[in-house]
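[1] Structure, please.
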Amino acid sequence: MYVTPAQLADGADALNELAELYQIDPPLLAATIAAGDRSRWTPEEIASADAALDSIVRFTLQAGGEIDARLAQRGYPLPQDPAQFPVLAVWGRAIARYHLHRQRDRTNEETGRIERDYRDAIRALDAVVAGKLSLGAGDPLAPTPPSDPDGGAVRFSSQPRIFSRDKLEGL
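    As a prediction, this is how the structure comes out:
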C-alpha cells in the first residue's frame, strides 16, 4: 500500500473532504482511521464510519494496484517501498482521491484540482515506465544520462574577431 487512509486524511481539509464524501462527523472518521476511542458515537454512526473506512482502504489499494501495474511494465520488483521513494505516496494519494471523487459533481474547482493531480500522477508514472523519470535517489532502474564524450568540459567557439589591436593599431 503506497498511501494509507491516515495519509489520505492528513490535514483538516483532507479529513473534512473525506467526511463530507461519506457524510460522517470528521472527528468520528479521524477516530476510526486512527483506531481511537469512538464511545461517544452511536452504533449506527460507528457502523457508517467503519463502512467508510473499508471503502477508503479499497480505494487506496486500487491506487496501489495502478501504480504497481505501471511499475511492473518497467520491471521494478513489487511492491516498492514508499518510505524509500516518497513520490509513490504522493502519486498514490492523487490516484486514490481521484477514484474517491468519481461520484462527485465534476464542475467545481476542487474536483478540477483532483483530476489534474490524477493526470499528473499518471503522466509521471508513464514517464517512469518510459525511462524518462526516476523514482528518486536509490532507484534501481533510474534512467542513465547520455554519456558526454568531453567529460563535461565546456567549450566555446566563435567567428574570428573583426576588430583587434592589430587591425586597429593605426587608428
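[2] switch to C-alpha atoms for all contacts and neighbour counts from now on
    Will do.
[3] Break down this structure into its helices, ranges please.
    If DSSP state H is used as the criterion, the helices of the chain fall at 5-8, 12-22, 26-33, 43-74, 87-100, 109-129.
[4] Kindly reformat the ones you listed as TSV containing distance to residue 139, mean neighbour count and mean pLDDT.
    Putting the helices of the chain into TSV (distance: least, C-alpha to C-alpha, whole Å; neighbours: other C-alpha atoms under 10 Å; pLDDT from 0 to 100) gives the following:
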stretch	distance to residue 139	mean neighbour count	mean pLDDT
helix 5-8	23	19	95
helix 12-22	30	16	91
helix 26-33	31	20	97
helix 43-74	12	18	96
helix 87-100	12	23	95
helix 109-129	10	17	88
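[5] mind giving me JSON lines with those and columns for distance to residue 135?
    Shown next, in JSON lines, are the helices of the chain (distance: least, C-alpha to C-alpha, whole Å):
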{"stretch": "helix 5-8", "distance to residue 135": "19"}
{"stretch": "helix 12-22", "distance to residue 135": "25"}
{"stretch": "helix 26-33", "distance to residue 135": "28"}
{"stretch": "helix 43-74", "distance to residue 135": "10"}
{"stretch": "helix 87-100", "distance to residue 135": "7"}
{"stretch": "helix 109-129", "distance to residue 135": "7"}
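[6] right, and those helices - which one's nearest residue 153?
    Ranking the helices of the chain by their distance to residue 153 (criterion: C-alpha to C-alpha) puts helix 109-129 first, at 29.1 Å.
[7] what's the angle between that closest one and helix 43-74?
    Using axes from the mean of the first three to the mean of the last three C-alpha atoms, to 10 degrees, the interaxial angle of helix 109-129 with respect to helix 43-74 works out to 30 degrees.
[8] Extract the C-alpha set from helix 109-129 and format it as CSV.
    Only the C-alpha atoms of helix 109-129 are listed here, as CSV (Å, rounded to 0.1, in the frame of the first residue of the first chain):
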residue,chain,number,x,y,z
GLU,A,109,-12.7,23.9,-8.7
GLU,A,110,-11.7,21.4,-6.1
THR,A,111,-12.7,18.5,-8.3
GLY,A,112,-10.7,20.1,-11.2
ARG,A,113,-7.6,20.0,-8.9
ILE,A,114,-8.2,16.4,-8.1
GLU,A,115,-8.5,15.5,-11.7
ARG,A,116,-5.3,17.5,-12.6
ASP,A,117,-3.4,15.8,-9.8
TYR,A,118,-4.5,12.4,-11.0
ARG,A,119,-3.5,13.1,-14.6
ASP,A,120,-0.1,14.5,-13.4
ALA,A,121,0.5,11.3,-11.3
ILE,A,122,-0.4,9.0,-14.3
ARG,A,123,1.8,11.1,-16.6
ALA,A,124,4.7,10.8,-14.1
LEU,A,125,4.2,7.1,-13.8
ASP,A,126,4.2,6.7,-17.5
ALA,A,127,7.4,8.7,-17.7
VAL,A,128,9.0,6.3,-15.2
VAL,A,129,7.8,3.4,-17.4
